[in-house]
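**Student:** Here is a sequence with its predicted model. Questions after.
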Amino acid sequence: MVAQISCKQNSQAHPPVGGVLSQNDLSVSRERMKNLNTLERNQIQQWIGGQTEKFYPTKLNYWVNIEDYDKREKRQDNSLISYQYDLYDFDQIKIYEQPIERKEVKLGHFDELKAVEDALRYIRDGEVVTLLVPSSLAYGTYGDEKKIDNDVPLIIKLKAL
């Protein structure tokens with residue numbers, strides 16, 4: 001079993017959306033996120049080293065299991081796409097029983113995980129890709145308020161329908 005990748009150290013309470021932070025609080029928060037991102041990237045790279053499947057870094061700071069993925073032709077804003085994905089932790093335990101599915105959505109006009117929206121621009125119809133995503137591109141500081149805690153990196157298996 002692989003140790004779960006997450007960081008609970010240096011946790012700081014964040015104000016609610018719309019709350020006010022001082023300059024010092026903003027600096028502390030920025031530094032915390034920078035350190036967390038560095039830690040998660042190192043942990044993900046270490047996890048990749050123990051896999052037989054190859055993963056490649058993307059320009060947006062996540063990994064994908066297809067070489068030169070972000071050099072493919074890119075889908076433009078307003079392109080319609082249907083897709084689904086499953087979420088896993090780094091112990092490869094599926095988080096939700098049913099996949100998250102969206103039908104006929106326009107790229108650039110929906111709220112989605114940053115890594116998923118970026119990957120959808122390069123995925124081919126019918127293709128399944130695996131994304132390794134740091135928490136900052138997943139559910140970040142707040143989690144999904146259901147099963148995914150704050151600061152949890154994810155494995156996402158994404159399929160264009």
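**Tutor:** Okay, I see it.
**Student:** List the buried residues of whichever strand or helix holds Val28.
**Tutor:** Using DSSP states H and E, Val28 falls within helix 23-49. Using 16 or more other Cβ atoms under 10 Å as the test for burial, helix 23-49 gives Arg32, Leu36, Asn37, Leu39, Glu40, Arg41, Gln43, Ile44, Trp47, Ile48. (C-beta placed from N, C-alpha, C; glycine too.)
**Student:** wait, the third one sits on Ala138?
**Tutor:** If I follow you right, that is Asn37. No: at 11.8 Å, Asn37 does not count as touching Ala138 under the criterion of Cβ atoms under 8 Å.
**Student:** sorry, back to before: residues in contact with the helix or strand following the helix holding Val28: which ones?
**Tutor:** Next helix or strand after helix 23-49 toward the C-terminus (DSSP H and E): strand 56-57. Strand 56-57 is contacted from outside by Trp63, Val64, Asn65, Ile66, Glu67, Asp68, Tyr69, using Cβ atoms under 8 Å, 6 or more residues apart in numbering.
**Student:** Please tell me which one of those counts the most neighbours.
**Tutor:** The most crowded member of the contacts of strand 56-57, judged by other Cβ atoms under 10 Å, is Val64 (25 neighbours).
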